[in-house]
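Enquirer: Kindly generate the corresponding structure for this input.
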Amino acid sequence: MAETTPSPPSRSERPRSDTHAGRISVAPRAETAGDRSEPPGRVRILVVRGEGAAVEVDGPDGLRSALADPATLAWIDLERPTRAQVAEMAAILGLHPLVAENVDEQVQRAKIELVEDVAHLVLFVLAYAGEVHTMEVDFVLGERFLLTSHDPWDPTSAPLLRVGVEQYLGRGPDSLLYALADWIVDGYFPVLDRLADEIDQLQDDVVERASRWTLERLFVLKRELIAVRRATSPAREIFNQLTNRDLSLIRPDHVVYFRDVYDHLIRVTDELDNYRELVSGTLDVYLSTVNNNLSLIMKRLTGVTVILAGIGAVAGLFGMSEAGAAFAGGEAAGFWMVTVGTVATAAIVALVLRRIDWI
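Expert: Numbering: from 1, shown residues only. This is a model prediction of the structure:
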């Protein structure tokens, strides 16, 4: 997510969303994977043994000890991790080097990849703060663990986890994946609502006071809708595979939950298609309004030309040499009759053009 063009208009003056996006601090990821060597990221490890409560363990050594028990399930949450941290966790969990590399890069598209006995999923969190921002979240689902990697974002704020992480992690890492994915997808709808408000406002502006600023905002909104579609549309295929393929990582009785998320994504893509059509229609209305205004100006200029051309034609026949005699009172009555007739004819033409709304 160059030409030297004017900066697109920012809509940051509009009220900021207080739903879902308010819990996210989203900033463009300026650094690359190779640059993330300075400050270490936050690593949070929660484990569940049997039907017990979720317990936070300390560091890689604690994770190794916990996973030594076959009955232990773990959630490893990495916030802006360094390459070394990703590599260390990958080594403990036995991840394929390609999976570790993709998690570290943080420049993926929404996708699902099955590598050996784990599944790597990429989803995007959407936030609205005057403009739409996206944030990549990587999930690595294993038989006994779920690893998440992201920029600053609090996954424990997911509504389904308010009853306790153990309620979902204890039923399997796939259940915890559902709780987080459902929250991410549900967060798309408040963003779409804000975009719908933007479209409604632009439609009013186009009809009432079309301007270049309105046109720029239309193009900015159109680009944002494309970015949102790029972030969300591939997610349909992710959950289509999770619900229609026989994956050992997803318990059969949990498939119905992922199918519910899939249904929500269908609604998201349908609304995005509608919004894109509305923006395209609004752009057409803008262009029609500009053309109508241009036609109105041309009609008025034509009306003025008709009036002045008639006067100029008659005046040209007499020439400026008659002006001196007219001011001296030496012109015959015929001169004044032609002059009055010319002015009267111009007035009649002006009234006719006014009646047909040309001037």
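Enquirer: Pro39 looks like it's in a helix, true?
Expert: No: read with DSSP: H, G, I helix; E, B strand; the rest coil, Pro39 is coil and lies in no helix.
Enquirer: Can you get me a residue count around it?
Expert: Residues contacting Pro39 under the criterion other C-beta atoms under 10 Å number 8. The way it works is simple: take the backbone N, C-alpha and C, and place the C-beta from them, glycine included.
Enquirer: same deal with Thr156?
Expert: Residues near Thr156, counting by other C-beta under 10 Å: 12.
Enquirer: correct me, but it touches Tyr168?
Expert: No: assessed by C-beta atoms under 8 Å, Thr156 is found out of contact with Tyr168, at 11.3 Å.
Enquirer: how about low-confidence regions in the stretch 151-300 of the chain?
Expert: In the predicted model, the stretch 151-300 of the chain carries pLDDT under 70 at residues 291-292.
Enquirer: And the helices in it?
Expert: Per DSSP state H, counting those that start in this stretch, the stretch 151-300 of the chain carries helices over the ranges 166-169, 173-186, 188-209, 212-244, 255-318.
Enquirer: From the chain's centroid, how far away is the fourth one?
Expert: Read that as helix 212-244. 6 Å (C-alpha atoms, centre = their mean, to the nearest Å).
Enquirer: Report the buried residues of it.
Expert: 214-215, 217-218, 220-222, 224-225, 227-229, 231-236, 238-243 (16 or more other C-beta atoms under 10 Å).
Enquirer: Nearest residue to Leu126 in space, please, no chain neighbours.
Expert: Val191 (4.5 Å; C-beta to C-beta, 6 or more residues apart in numbering).
Enquirer: Alpha carbons only: can I get stretch 347-356 in PDB?
Expert: C-alpha atoms of stretch 347-356 as PDB (Å, rounded to 0.1, in the frame of the first residue of the first chain):
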ATOM      1  CA  ALA A 347     -34.800  43.800 -25.900                       C
ATOM      2  CA  ILE A 348     -37.400  41.500 -27.500                       C
ATOM      3  CA  VAL A 349     -34.700  38.900 -28.200                       C
ATOM      4  CA  ALA A 350     -33.400  39.200 -24.600                       C
ATOM      5  CA  LEU A 351     -37.000  38.600 -23.300                       C
ATOM      6  CA  VAL A 352     -37.400  35.600 -25.600                       C
ATOM      7  CA  LEU A 353     -34.100  34.100 -24.500                       C
ATOM      8  CA  ARG A 354     -34.900  34.700 -20.900                       C
ATOM      9  CA  ARG A 355     -38.300  33.000 -21.300                       C
ATOM     10  CA  ILE A 356     -36.600  29.800 -22.700                       C
END
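Enquirer: In contact with the closest residue to Thr269 other than its chain neighbours, which residues are there?
Expert: Among residues not flanking Thr269 along the chain, Ser233 sits closest, at 5.6 Å (C-beta to C-beta, 6+ apart). Ser233 makes contacts with Ala110, Thr269, Leu272, as judged by C-beta atoms under 8 Å, 6 or more residues apart in numbering.
Enquirer: again, but for Ser248
Expert: With C-beta under 8 Å, 6+ apart, Ser248 has these contacts: Glu143.
Enquirer: tally of neighbours for the residue nearest to Leu126?
Expert: 24.
Enquirer: domain assignment for this structure?
Expert: As given by automatic domain parsing, the domain ranges for the chain are 21-288, 298-355.
Enquirer: what phi and what psi does the backbone show at the spatially closest residue to Gly172 that is not a sequence neighbour?
Expert: Spatial nearest neighbour of Gly172, excluding adjacent residues (C-beta to C-beta, 6+ apart): Arg251 at 5.8 Å. Here is the backbone geometry of Arg251 (degrees, to the nearest 10): phi -70, psi 140.
Enquirer: Point out the most buried one among the domains of the chain.
Expert: domain 21-288 (a mean of 17; mean count of other C-beta atoms under 10 Å).
Enquirer: how near is the residue lying closest to Ala231 once chain neighbours are set aside to Leu202?
Expert: Excluding its sequence neighbours, the residue lying closest to Ala231 (C-beta to C-beta, 6+ apart) is Phe124, at 3.9 Å. Using C-beta to C-beta, to the nearest Å, Phe124 is found at 25 Å from Leu202.
Enquirer: With Ser295 instead?
Expert: 23 Å.
Enquirer: Contact partners for the most centrally placed residue in the chain?
Expert: In the chain, the C-alpha nearest the mean C-alpha coordinate belongs to Glu224, at 3.5 Å (C-alpha atoms, centre = their mean). Shown in contact with Glu224 (C-beta under 8 Å, 6+ apart): Glu131, Val132, Leu195.
Enquirer: how about 10 Å then?
Expert: Pro8, Arg11, Tyr128, Glu131, Val132, His133, Thr134, Val191, Leu195, Glu198, Tyr275, Val279 (C-beta atoms under 10 Å, 6 or more residues apart in numbering).
Enquirer: What of Ala181?
Expert: So Ala181 contacts 121, 123, 137, 139, 158, 235, 238-239, 242, 257-258, 261, 264-265 (C-beta under 10 Å, 6+ apart).
Enquirer: For Asn240, which non-adjacent residue is closest in space?
Expert: Tyr262 (6.2 Å).
Enquirer: No further queries at this time; thank you.
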